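# Next one to model:
(2 chains)
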Amino acid sequence: MSAATDHSLFAHGSGLRRRRRVNRAVELSSTVAALLAVAVLLIVVGSVLLKGLGALSLHFLTTPTALFGETGGGISNAIIGTAIIVAIAAAIAIPIGLLVAIYTTEFAPPRIAHPVRFVLDVLNGVPTIVTGIFVYGLIVVPQGNQSGYAASVALAIVMLPIVARTAQEVLELVPLTLKEAANALGIAHWRTTVRVTIPTAAGGLLTGALLAVARVAGETAPLLLLCSIFAPGNLTDPSQGLASIPIFIFQASESPSPTAHTEAWAAALILIAFVLLLNVVARVFYARSRQRMEG
Amino acid sequence: MESGALIAPVLRARRNRKDRIGDPLLRGLSGLAAAVAVAAILGIAYEVIDVASPAISKFGIGFVTTNDWNPVTGRFGAAPFLYGTVVTSGIALLLAAPLSIAISIYLTELAPRRLRRPVATLVDMLAAIPTVILGLWGILVLGPFMRDTVEPALKSVLGFLPIFSGDPSAFGYLTAALILTIMITPIITSVTREVFETVPPELKEGYYALGATRWEMVRRVVLPYSRAGIVGASILGLGRAIGEAIAVAQVIGGAYAIHTSLFHTGGTLAAQIAAQFAGATSQLQKASLAYLGLILLVFAVIVNVIARVIVRRGRLPEAEFTPTEVEAL
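Okay, here's the model as predicted:
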């Protein structure tokens, strides 16, 4: 009976033309949706390129931000500040994230590993502005002033679940036969992990780390709470507030001045180029490491 | 058996002192790191409550329903921002979910094989754009376009609806909702696409063999099979939209009351914190902003837990790591 119904449902003849029309409509709108997404990407990146390229110069890249009320400054201090803040964040988050991944894949029994993963997922879902409030209460209030360190800690918390989760996925791809071979040779578990498992997964681990860096390089919300007040003279001391590219873009975008807008586009161009480049490099590493592990 | 008895002492001798401490050391260190991760989430909850405590003790639970935000009189409430968060994230989800499904259908069923990877990568790249840059683009490109073209058009056709009444403006709920849509569409797409790819080809071929058109196959095989994944992915996207502070702060205009018109300026929980925290003039204002953060945290945790449970219960295979999924995580 049901076979008969199905048969009549898809039979040629009655309604075939209508069914084909519906199908065409869905196919067309799916294609348009995909085109739309690509178009939005091209429009946003195109806007940044078009409006940023004109303002970009060696002078802009190598001069610190102009003092309030003056024009003609650059973003050298913001580039240095972002580099320092992100580097410290990476130095905190990457080792800890990797260790968490080693724990859940190599040591912890499932009844502990699963909750830890779940916690990492929840941590990843915490809005970054809330992470900012956390670090504000943890560091800025006791210290009495904003600082690059505070920003780094917040970014490290944002990075941690990304690094840990991707590292977990990669470590699990390491062929069991390799580990068993090491075990059969009587090699201690920690040596196997350090000398066999991690080197095998290195490409994928690097991918996760690069993507995490790309993700936080443009992160603005926590910096607004933790590192948006800085002395123009402070270029490199993270115990005080530091300039950063995201904050520069945010503040310039809120300004009514067209000059500031042009500078914001130029800074956005630097940031977007860096972030997209990291993404592309990460993908290449990933593809290679995958081939190696599967081939 | 004999050889085993011979090998054992050799192995024991080889286990030098380094190995005796190496194993517990790595286990201990990595366990400690895991404990740090768990402590972070508890620490976040504790610290946010701590910073918010003056506002919690002053306003109590009534804070949630108070439709006022006045730093001068010191009366603060979350209602305008709760409303703004629900409206902007809700619209973003309504637009992004169908778009993501359509893009995923294109990428898994329609696109020529050699186009699939490049197009999927481009969609992923959209997720990589820092939100502060989306916000900048929203202020200078999308906002004026909304004010001059989209909103007048909506008004002339649907102006009889209260949500499309009032004066078109560059900044407001609708512009913010569109920026959020751009933000979360690639995130939802990356998960739904992965799920669509796991649909067994035999099921699809079976339906085609019965004479189904492509859409009929998708509707009866791909979509039902992927339902849990689609719902989970959408809720994950919703979580991202709710928590986005910067891009929304840039384009929503910052008003402290509830407005029916989507063209009107407004505020969201996250955007309000971003806009005022650093420049808060009183301790109570800062605490009230942290209180908004606490509400946001509760929202975000609930949404994420629900999404993870749904995705995990669904047929989504134990996620294989791809760069795409990092953005969706």
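
# Can you confirm whether stretch B:35-54 lies near chain A?
Yes. Stretch B:35-54 reaches chain A (C-beta under 8 Å from any C-beta of the partner chain) through B:36-38, B:40-41, B:43-44, B:47-48, B:50-51. Heads up, the C-betas are built off the backbone N, CA and C, glycines and all.

# can you check stretch B:202-220 too?
Yes. Stretch B:202-220 lies within reach of chain A by C-beta under 8 Å from any C-beta, at B:210-216, B:218.

# Just the ones of those residues in helices?
B:214-216 (DSSP state H).

# for those residues, which one is nearest residue B:280?
Ranked by distance to residue B:280 (C-beta to C-beta), those are led by residue B:215 at 53.5 Å.

# Residue A:26 is in contact with that closest one, correct?
Yes. Taking C-beta atoms under 8 Å as the definition, residue B:215 is a contact partner of residue A:26 at 4.2 Å.

# just to revisit the earlier point, just the buried subset of the ones in helices among the residues of stretch B:202-220 next to chain A, please.
B:214-216 (16 or more other C-beta atoms under 10 Å in any protein chain shown).

# Residue 35 in helix, strand or coil?
Picking chain A for this. helix (DSSP: H, G, I helix; E, B strand; the rest coil).

# Give the burial count for it, as a bare number.
Residues near residue A:35, counting by other C-beta atoms under 10 Å in any protein chain shown, number 13.

# Check what pLDDT it gets.
At residue A:35, the model reports a pLDDT of 95.

# again with the one 10 residues further on
The predicted local confidence for residue A:45 comes out at a pLDDT of 95.

# Point to the residue nearest the middle of the chain.
As the question left the chain open, I've gone with chain A. residue A:215 (1.9 Å; C-alpha atoms, centre = their mean).

# right idea, wrong chain: chain B
Most central in chain B (C-alpha atoms, centre = their mean) works out to residue B:240, at 1.6 Å.

# picking that back up, can you tell me which of the buried ones among the ones in helices among the residues of stretch B:202-220 next to chain A is closest to chain A?
Nearest to chain A, judged by C-beta to the nearest C-beta, of these is residue B:215 at 4.2 Å.

# Which residues are in contact with the closest one?
A:22-23, A:26-27 (C-beta atoms under 8 Å, 6 or more residues apart in numbering or on different chains).

# what's the answer for residue B:230, then?
Taking C-beta under 8 Å, 6+ apart as the test, what residue B:230 contacts is B:97, B:101, B:192, B:195, B:223.

# I'd like the distance from the helix or strand where the last one lies to the chain centre, please.
Mapping residue B:223 onto the secondary structure by DSSP states H and E places it in helix B:223-225. The chain centroid and the centroid of helix B:223-225 are separated by 23 Å, computed with C-alpha atoms, centre = their mean, to the nearest Å.

# ok, residues contacting that helix?
The contact list for helix B:223-225 (C-beta under 8 Å, 6+ apart) reads B:101, B:199, B:203, B:230, B:315.

# Which SSE is immediately downstream of it?
Next along from helix B:223-225, by DSSP H and E: helix B:227-243.

# how about the helix or strand following that next one, does it reach chain A?
Next helix or strand after helix B:227-243 toward the C-terminus (DSSP H and E): helix B:246-251. Yes. Counting by C-beta under 8 Å from any C-beta, chain A is contacted by helix B:246-251 at B:246, B:250.

# Show me what helix B:246-251 is packed against.
helix A:245-254, helix B:131-137, helix B:173-197, helix B:269-276 (3 or more C-beta pairs under 8 Å, 6 or more residues apart in numbering or on different chains; DSSP states H and E).

# hmm, back to that, let's have the buried ones among the ones in helices among the residues of stretch B:202-220 next to chain A in JSON lines, adding pLDDT.
Shown next, in JSON lines, are those (pLDDT from 0 to 100):
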{"residue": "B:214", "pLDDT": "91"}
{"residue": "B:215", "pLDDT": "91"}
{"residue": "B:216", "pLDDT": "90"}
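
# so where do the strands sit in the stretch 1-150 of chain B?
B:69-70, B:75-76 (DSSP state E, counting those that start in this stretch).

# I'd like to know which of those strands lies nearest to residue B:174.
Per C-beta to C-beta, nearest to residue B:174 of the strands of the stretch 1-150 of chain B: strand B:69-70, 21.2 Å.

# Counting by contacts, list what the closest one packs against.
strand B:75-76.

# What lies in contact with the strand it packs on?
B:55, B:59, B:63, B:66, B:68-70, B:284-285, B:288, B:291.

# contacting residues for residue A:47?
A:265, B:137, B:140-141.

# before we move on, what about residue B:104?
B:189, B:192-193, B:196.
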